[in-house]
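A.B. asks: What shape does this take:
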Amino acid sequence: MKRLFTISGIFTLLLFSQNTFAQEVQSELTMTYKGDNIKKNTQERTIILNGNVMLKTKNISLVNAEKVTIDEKNNTVTIYNPKDFKLLYAKTISKKGESNKNIIVYNTKEESITFQ
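C.D. replies: Reported below is the predicted structural model:
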(Lines give C-alpha, C1' and ligand atoms only; values in the text may rest on other atoms or scores of the structure.)
Protein backbone atom coordinates (compact mmCIF):
# COMPACT_ATOMS: atom_id res chain seq x y z
CA MET A 1 0.00 0.00 0.00
CA LYS A 2 2.84 2.36 0.85
CA ARG A 3 4.43 1.60 -2.51
CA LEU A 4 1.17 2.47 -4.32
CA PHE A 5 1.02 5.88 -2.62
CA THR A 6 4.68 6.54 -3.44
CA ILE A 7 4.25 5.67 -7.13
CA SER A 8 1.04 7.70 -7.47
CA GLY A 9 2.66 10.64 -5.64
CA ILE A 10 5.67 10.61 -7.98
CA PHE A 11 3.40 10.33 -11.01
CA THR A 12 1.29 13.29 -9.82
CA LEU A 13 4.42 15.36 -9.12
CA LEU A 14 5.80 14.66 -12.59
CA LEU A 15 2.46 15.47 -14.20
CA PHE A 16 2.18 18.89 -12.50
CA SER A 17 5.87 19.79 -12.91
CA GLN A 18 5.59 19.27 -16.69
CA ASN A 19 2.90 21.96 -16.91
CA THR A 20 4.57 24.26 -14.41
CA PHE A 21 8.00 24.39 -16.03
CA ALA A 22 6.91 24.27 -19.66
CA GLN A 23 7.84 27.39 -21.61
CA GLU A 24 6.03 28.78 -24.58
CA VAL A 25 8.42 29.45 -27.44
CA GLN A 26 7.37 32.00 -30.03
CA SER A 27 8.31 30.38 -33.32
CA GLU A 28 7.55 33.25 -35.66
CA LEU A 29 7.70 36.99 -35.50
CA THR A 30 4.20 38.46 -35.44
CA MET A 31 4.11 41.50 -37.66
CA THR A 32 1.17 43.63 -38.74
CA TYR A 33 1.59 45.90 -41.74
CA LYS A 34 -0.28 47.76 -44.45
CA GLY A 35 0.59 50.16 -47.23
CA ASP A 36 -0.74 51.68 -50.44
CA ASN A 37 1.25 49.23 -52.57
CA ILE A 38 2.46 45.79 -51.39
CA LYS A 39 4.76 43.54 -53.45
CA LYS A 40 5.58 40.04 -52.20
CA ASN A 41 8.37 37.94 -53.69
CA THR A 42 8.07 34.37 -52.40
CA GLN A 43 11.29 33.15 -54.05
CA GLU A 44 13.45 35.84 -52.45
CA ARG A 45 11.25 35.92 -49.31
CA THR A 46 10.83 39.71 -49.39
CA ILE A 47 7.92 42.08 -48.97
CA ILE A 48 8.11 45.69 -50.20
CA LEU A 49 5.55 48.16 -48.88
CA ASN A 50 5.22 51.61 -50.49
CA GLY A 51 3.19 54.68 -49.52
CA ASN A 52 1.67 55.44 -46.10
CA VAL A 53 3.18 52.32 -44.59
CA MET A 54 2.08 51.19 -41.13
CA LEU A 55 4.07 48.46 -39.36
CA LYS A 56 3.79 47.02 -35.88
CA THR A 57 5.79 44.30 -34.14
CA LYS A 58 6.33 43.50 -30.48
CA ASN A 59 9.43 45.78 -30.52
CA ILE A 60 8.70 48.60 -32.98
CA SER A 61 5.76 50.59 -34.25
CA LEU A 62 5.60 53.10 -37.09
CA VAL A 63 3.10 54.95 -39.23
CA ASN A 64 3.28 56.96 -42.45
CA ALA A 65 6.64 55.64 -43.66
CA GLU A 66 7.56 56.22 -47.28
CA LYS A 67 8.77 52.65 -47.84
CA VAL A 68 9.46 49.47 -45.83
CA THR A 69 11.34 46.40 -47.04
CA ILE A 70 10.91 43.15 -45.09
CA ASP A 71 13.63 40.58 -45.85
CA GLU A 72 12.69 37.30 -44.18
CA LYS A 73 15.83 35.54 -45.41
CA ASN A 74 18.16 38.03 -43.66
CA ASN A 75 15.75 38.81 -40.79
CA THR A 76 15.77 42.55 -41.51
CA VAL A 77 13.18 45.27 -41.81
CA THR A 78 14.44 48.42 -43.57
CA ILE A 79 12.35 51.54 -42.94
CA TYR A 80 12.61 54.65 -45.15
CA ASN A 81 11.49 58.07 -43.86
CA PRO A 82 9.08 57.14 -41.07
CA LYS A 83 7.05 60.05 -39.72
CA ASP A 84 6.16 58.43 -36.39
CA PHE A 85 8.61 55.73 -35.25
CA LYS A 86 8.29 54.20 -31.78
CA LEU A 87 10.91 51.90 -30.34
CA LEU A 88 9.42 49.65 -27.67
CA TYR A 89 12.41 47.34 -27.09
CA ALA A 90 15.82 46.59 -28.60
CA LYS A 91 18.83 44.67 -27.35
CA THR A 92 21.21 47.01 -29.18
CA ILE A 93 20.88 50.42 -30.82
CA SER A 94 23.55 51.87 -33.09
CA LYS A 95 24.09 54.65 -35.60
CA LYS A 96 26.15 54.39 -38.79
CA GLY A 97 27.99 57.49 -39.96
CA GLU A 98 26.78 61.06 -39.95
CA SER A 99 24.31 60.67 -42.79
CA ASN A 100 20.83 62.22 -42.81
CA LYS A 101 19.24 59.47 -44.93
CA ASN A 102 16.53 58.78 -42.33
CA ILE A 103 16.77 55.00 -42.80
CA ILE A 104 16.23 52.57 -39.93
CA VAL A 105 17.23 48.89 -40.10
CA TYR A 106 15.61 46.52 -37.60
CA ASN A 107 17.07 43.03 -37.25
CA THR A 108 14.25 40.78 -36.08
CA LYS A 109 16.50 37.91 -35.00
CA GLU A 110 19.00 39.94 -32.98
CA GLU A 111 16.39 42.53 -31.94
CA SER A 112 18.76 45.36 -32.90
CA ILE A 113 18.14 48.79 -34.42
CA THR A 114 20.59 50.63 -36.68
CA PHE A 115 19.98 54.25 -37.68
CA GLN A 116 21.63 55.14 -40.99
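A.B. asks: For the residue nearest to Ser112 when sequence neighbours are not counted, give me the pLDDT.
C.D. replies: Excluding the flanking residues, the one nearest Ser112 by CB to CB, 6 or more residues apart in numbering is Thr92, at 4.3 Å. Yep, even glycine has a C-beta here, placed from its N, CA and C like the rest. Looking at Thr92, its pLDDT is 93.
A.B. asks: same question, the one 3 residues further on
C.D. replies: The predicted local distance difference test score for Lys95 is 89.
A.B. asks: May I have the strands that pair with the helix or strand hosting Val63, each with its orientation?
C.D. replies: Here Val63 sits within strand 60-71, counting by DSSP states H and E. With DSSP bridges as the test, strand 60-71 is paired with strand 46-56 (antiparallel), strand 76-80 (antiparallel), strand 84-87 (antiparallel).
A.B. asks: weakest of those strands in terms of mean pLDDT?
C.D. replies: Among the strands paired with strand 60-71, strand 84-87 scores lowest, at a mean of 91.
A.B. asks: what does that strand rub up against?
C.D. replies: By CB atoms under 8 Å, 6 or more residues apart in numbering, the surrounding residues in contact with strand 84-87 are 59-65, 79, 93, 104, 113.
A.B. asks: Now do Tyr106: how many residues are near it, please.
C.D. replies: Look at Tyr106: counted by other CB atoms under 10 Å, it has 24 neighbours.
A.B. asks: before we move on, back to that, can you tell me which residues contact the residue nearest to Ser112?
C.D. replies: Thr92 sits in contact with 110-113, where contact means CB under 8 Å, 6+ apart.
A.B. asks: wait, isn't Ile79 in contact with Tyr106?
C.D. replies: Yes - under the criterion of CB atoms under 8 Å, Ile79 makes contact with Tyr106 at 7.0 Å.
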